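**Q** just need the structure, nothing else, for what follows:
(2 chains)
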Amino acid sequence: MGTDEVILKTQGLGKTFKVGFWGRRVTALDGLDLEVLRGEVFGFLGPNGAGKTTTIKILMGLIYATSGTAWLFDRPIGDRDAKSRLGFLPESPYFYDYLTGGEFLRFYGHLFGLQGMVLAKRADELLELVGMTHAKDLQLRKFSKGMLQRVGIAQALINDPELVVLDEPMSGLDPVGRKEIRDLILRLKESGKTIFFSSHILHDAELLCDRVAIILKGSMVACGRVSDLVDKESTQCVEMVVANLSDEGVDHLRPLSEKIVVQASHVLVVLKGHQHVSNALDIIRSAKATLISLTPHKGSLEDLFMRQVKEPRQHAEKMR
Amino acid sequence: MRILSIAFNTFRENLRDKLLYNLLFFALLMIGSSLLLSTLTLGEWDRLILDLGLSSINFFGVLIAIFIGIGLVSKEIEKKTIFTIVSKPVPRYEFLLGKYAGLVLTLLVNTVVMVLGLLVVLYYRNVPVELVMFASLGLVFLEFLIITAVALVFSTFTSATLSAIFTLSIYVVGHLSSDLKAFGDKMGAVGKSVLIGVYYFLPNLERFNLKGEVIHHVNVSATDFIMTSAYGLSYAAFLLVLASIIFQRRDFQ
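**A** Have a look, this model is predicted:
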């Protein structure tokens, strides 16, 4: 769990791009304030085009912010010392495909001044960590997407960084690949590293993150612990499927439920809250009906996300 | 250290590129073909071998410099491989110098192979080898340094195709720049100052051409050679600084 030391911070960070022949200005990021604490897994969430990659590129020194400031380890962006404590995996990474897995890691090691036996040992350890020992002498052009992602993470860890920044590490991977990346992130967290990753796959974020920030059209719309965001924002409901329920039984259940759908012999009942479950069960029992299933629906990050995405749209429509 | 790692990585990239071997193959074929052509000529065959050999080395070297040089940086940006380098503690100018050094190393190895090919042909036909030929090869290599740097400058801010067109134009105009000056002398005051300005701004690549001297066995003075070398090196250095400044300011989308 995180301490209170802030190792990544942005203040009013903004970026406008000029596009097209006439240099029309497009705002990709607008006044973003963000703080990431040491030791936490921080999810940076938002739909495609929300400004996630733009933020990460500014933090990595690939593009320059047009307004605001950002710090890594209390140092301004681009600082050599801060960069040497950082690991980065870009979105759908392309690497030097003429290199073999081993050559690839040794090259990045050289950039940090690692050499000889120390580097060879480090490269072997990392290949083992990401389960790629078999690909040491295989050229990257022959790698699958999942293999590239894993060797990419190994590359990001070559300098044993304190902060690991991953841009969409799970996108384009199959469920097995995603699980492997998730396990890897948790292992990194256990070894005391701070992980900042962007994603639009909310399920993964929910499983992994201590805290998340949701951005939309370049601005932050929510930030906090996953449990706080989800509990505060969503009401829980319970779904029941009942067989052979008489019309009378349906009438009894109606006051307790939000919605009742009758389909042939089955009835779908959505209860208003879990406090009504035992009453509903009594009614079903006395009506001699059969309970087929009972599913509590917990609020998820996805509900919150969808609401956040929809709200500004509805707002915009009202304005019109 | 970091510059060297990037240079060796670039060298390795070039060595694993088929384009390089195709160009090298044709260069050696051209040099070798002078043997065949020389049997068709009467008397002057040593000139023909020297002329064709030096021209082939020059031409194919420039092709390698342009066609690998233009992709040197733009390919890294297009393929996003640069993201993982710039986010490491590597200043942008070091990346640029590393890429440049890698291609220069590639060109050096290629030039050595082509020169060996030429020496074999000369030895086979008993043509005496003079010092001025090596002076000429040295200056040809300096021309490669400049062309590579020109390609690098364009490669930092535009696409590979446009870089190729611009670099080729600079190469052609660079060889004709003394004509620009002569033309300017015949024009009015404004036209003259513009053309003289362009003449001084563009690299005067004809200065690196000693083929006439080699063929006609004319020696080049050491002062001339040193002055031309100093000119070539400072011009290349100027281009590298220019490329670094452009590269430092740009966003990698």
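**Q** and the stretch 1-150 of chain B, which residues reach chain A?
**A** B:1-2, B:5-6, B:9, B:12-13, B:16-17, B:79-91 (Cβ under 8 Å from any Cβ of the partner chain). Bear in mind the C-beta positions are built from the backbone N, C-alpha and C, glycine included.
**Q** please indicate which of the residues you listed are buried?
**A** Burial by neighbour count, judged by 16 or more other Cβ atoms under 10 Å in any protein chain shown, picks out B:2, B:5-6, B:9, B:12-13, B:17, B:80-91 from the residues of the stretch 1-150 of chain B next to chain A.
**Q** now intersect the residues you listed with the helices, please.
**A** Those of these mapping onto helices are B:Arg2, B:Ser5, B:Ile6, B:Asn9, B:Arg12, B:Glu13, B:Ile82, B:Phe83, B:Thr84, B:Ile85, B:Val86, per DSSP state H.
**Q** ok, the residue in the stretch 201-320 of chain A positioned nearest to chain B - contacts?
**A** Residue of the stretch 201-320 of chain A nearest chain B, by Cβ to the nearest Cβ: A:Gly218 (16.0 Å). Listed by Cβ atoms under 8 Å, 6 or more residues apart in numbering or on different chains, the contact set of A:Gly218 reads A:Gly14, A:Lys15, A:Thr27, A:Ala28, A:Leu29, A:Asp30, A:Leu32, A:Ala50, A:Gly51, A:Thr54.
**Q** most widely separated two among those?
**A** Using Cβ to Cβ, the two most remote members of the contacts of A:Gly218 are A:Gly14 and A:Ala50, lying 14.0 Å apart.
**Q** which one of these two has more residues nearby?
**A** A:Ala50 (24 against 20; other Cβ atoms under 10 Å in any protein chain shown).
**Q** ok, the more buried one touching A:Met220?
**A** No: A:Ala50 is beyond contact range of A:Met220, at 9.9 Å (criterion: Cβ atoms under 8 Å).
**Q** helix, strand or coil for A:Pro169?
**A** Going by DSSP: H, G, I helix; E, B strand; the rest coil, the secondary structure assigned to A:Pro169 is coil.
**Q** for the contacts of A:Gly218, give me TSV that also has secondary structure and pLDDT.
**A** Rendered in TSV, the data for these read as follows (DSSP: H, G, I helix; E, B strand; the rest coil; pLDDT from 0 to 100):
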residue	secondary structure	pLDDT
A:Gly14	strand	90
A:Lys15	strand	91
A:Thr27	strand	88
A:Ala28	strand	88
A:Leu29	strand	88
A:Asp30	strand	89
A:Leu32	strand	89
A:Ala50	coil	85
A:Gly51	coil	88
A:Thr54	helix	91
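**Q** can you turn the buried part of the residues you listed into a ChimeraX selection?
**A** Typed into ChimeraX, the next command selects the buried ones out of the contacts of A:Gly218 (criterion: 16+ other Cβ under 10 Å):
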select /A:14,15,27,28,29,30,32,50,51,54
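**Q** and residue 193, what does it touch?
**A** All of this refers to chain A. By Cβ under 8 Å, 6+ apart, the contact set of A:Lys193 is A:Gly39, A:Pro161, A:Glu162, A:Leu163, A:Val164.
**Q** sorry, should have said chain B
**A** B:Gly184.
**Q** work out for me the element it sits within.
**A** helix B:189-201 (DSSP states H and E).
**Q** after that helix comes which helix or strand?
**A** Next element after helix B:189-201 (DSSP H and E): helix B:211-215.
**Q** just checking, what packs against that following helix?
**A** helix B:45-69, helix B:131-155 (3 or more Cβ pairs under 8 Å, 6 or more residues apart in numbering or on different chains; DSSP states H and E).
**Q** helix, strand or coil for A:Ile63?
**A** Secondary structure state of A:Ile63, per three-state DSSP, is coil.
**Q** that one touches B:Ser87, doesn't it?
**A** No: taking contacts as Cβ under 8 Å, A:Ile63 lies outside contact range of B:Ser87: 11.6 Å.
**Q** quick one: the residue sitting furthest away from the middle of chain A and A:Ile283, what's the gap?
**A** Of all residues in chain A, A:Glu248 sits farthest from the chain's C-alpha centroid, using Cα atoms, centre = their mean; the distance is 47.1 Å. Note on A:Glu248: its distance to A:Ile283, by Cβ to Cβ, to the nearest Å, is 10 Å.
**Q** check B:Phe141 too.
**A** 93 Å.
**Q** can you check A:Ile56 too?
**A** The spacing between A:Ile56 and A:Ile283, counted by Cβ to Cβ, is 54 Å.
**Q** which residues in the stretch 51-200 of chain A form strands?
**A** Along the stretch 51-200 of chain A, counting by DSSP state E, counting those that start in this stretch, strands occupy A:67-72, A:75-76, A:86-89, A:163-167, A:194-199.
**Q** so which of those gets nearest chain B?
**A** strand A:86-89 (4.2 Å).
**Q** the closest one: how far from the chain's middle?
**A** Put simply, strand A:86-89 sits 16 Å off its chain's centre (Cα atoms, centre = their mean, to the nearest Å).
**Q** strand partners (parallel or antiparallel) of that strand?
**A** In the sheet, strand A:86-89 lines up against strand A:163-167 (parallel) (DSSP bridges).
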